[in-house]
Each structure stands twice: as structure tokens, then as C-alpha cells.
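*Asks:* Dropping a prediction and its sequence here:
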Amino acid sequence: MASTTKDLHDNGILEVTDGNFDQMVLKSNQPVLIDFWAAWCGPCKALAPIVDEVAAAYQGKVTVGKMDVDNSPVTPQRYGVRGIPTLLIFKNGQVQRRRQDRIRFFRPTVSLTSTYQVIV
């Protein structure tokens, strides 16, 4: 069976969809960060390089995925995502942390990295 995911970046960020969410996220052996985003969302574009940095820093320890809410609307509704960008961190199939980031906090990479150190 062919893979239903693809790397969005060289650092291993995966495209997560409604169709592969359960397998890629809920059944993952590693903690998973999901970035809920949309192509038209300015704050999502601003957050993207930070998510890329976190993915590179934790490659092999944490799975990082991006879900386009326009193409996959079911999962965001399932988890109460009402605004984007929203970051959810899953471990053992459960939401561990939630952030609705409007790029308003100081040093966001440090903030996300600190969150991951607690989860990992």
C-alpha cells in the first residue's frame, strides 16, 4: 500500500489529513506536534519557520505534522480548533498541550522548545 503522507520540508514535517490523522498521530509511538494552518493565513505563515526549527531540533524524537484546515476540516472540528494557527501536541493518542499562537509571545522557538522538553 502506498504511503498517504508526504514530507512538506526537508526536515521531515509531514502532511497530515483527515484520512491519515488516526494512523499518523493517535497511533504514533512518538509525541506529535500538529500545526493547524491554511494557505491564506498570515499568522500561519509567520509561525511556519518556527515550527520548522522545532522539527529540525527534535527530528527523530518528535513527529511534526501540518494540517491544512481548508482541505481537512473534520479533525480540527473534532479537537475544537476554532482559530488558526493552532498547535496541538499529542502523546499516547491524547492532547497534551494546546496553543493558539498569534505570534504575540516573546521568543516563540524557546517557548515551543520548552513545551517539547516537558513532553519528550
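*Replies:* That came in fine, so what should we check first? Numbers count the residues shown, from 1 in each chain.

*Asks:* Going along the chain, name the strands of this protein.
*Replies:* Ranges of strands within the chain are 14-15, 32-37, 63-68, 86-91, 94-100, based on DSSP state E.

*Asks:* Next one: the residue nearest the centre of the chain from residue 63, what distance?
*Replies:* In the chain, the residue lying closest to the centroid (Cα atoms, centre = their mean) is residue 34, at 1.7 Å. For residue 34, the distance to residue 63 under the criterion Cβ to Cβ, to the nearest Å works out to 9 Å. Glycine gets a C-beta too; all of them are placed from N, C-alpha and C.

*Asks:* Regarding this structure, what is its longest helix?
*Replies:* Secondary structure of the chain per DSSP state H: the longest helix is helix 42-57.

*Asks:* what angle sits between it and strand 86-91?
*Replies:* 30 degrees (axes from the mean of the first three to the mean of the last three Cα atoms, to 10 degrees).

*Asks:* gap between helix 42-57 and the chain center?
*Replies:* In this view, helix 42-57 has its centroid 10 Å away from the chain centroid, taken as Cα atoms, centre = their mean, to the nearest Å.

*Asks:* Which residue is the nearest non-sequential neighbour of residue 55?
*Replies:* Of all residues not flanking residue 55 in the chain, residue 64 sits nearest, at 3.9 Å (Cβ to Cβ, 6 or more residues apart in numbering).

*Asks:* Quickly list what the one you found is bridged to.
*Replies:* Beta-bridge pairing of residue 64, defined through DSSP bridges, involves residue 33.

*Asks:* thought it was touching residue 58?
*Replies:* Yes. Counting by Cβ atoms under 8 Å, residue 64 does reach residue 58; the two are 7.4 Å apart.

*Asks:* Could you report the neighbour count for residue 39?
*Replies:* Summarising burial for residue 39: neighbours were counted as other Cβ atoms under 10 Å, giving 10.

*Asks:* got a list of what it touches?
*Replies:* Listed by Cβ atoms under 8 Å, 6 or more residues apart in numbering, the contact partners of residue 39 are 68, 70.
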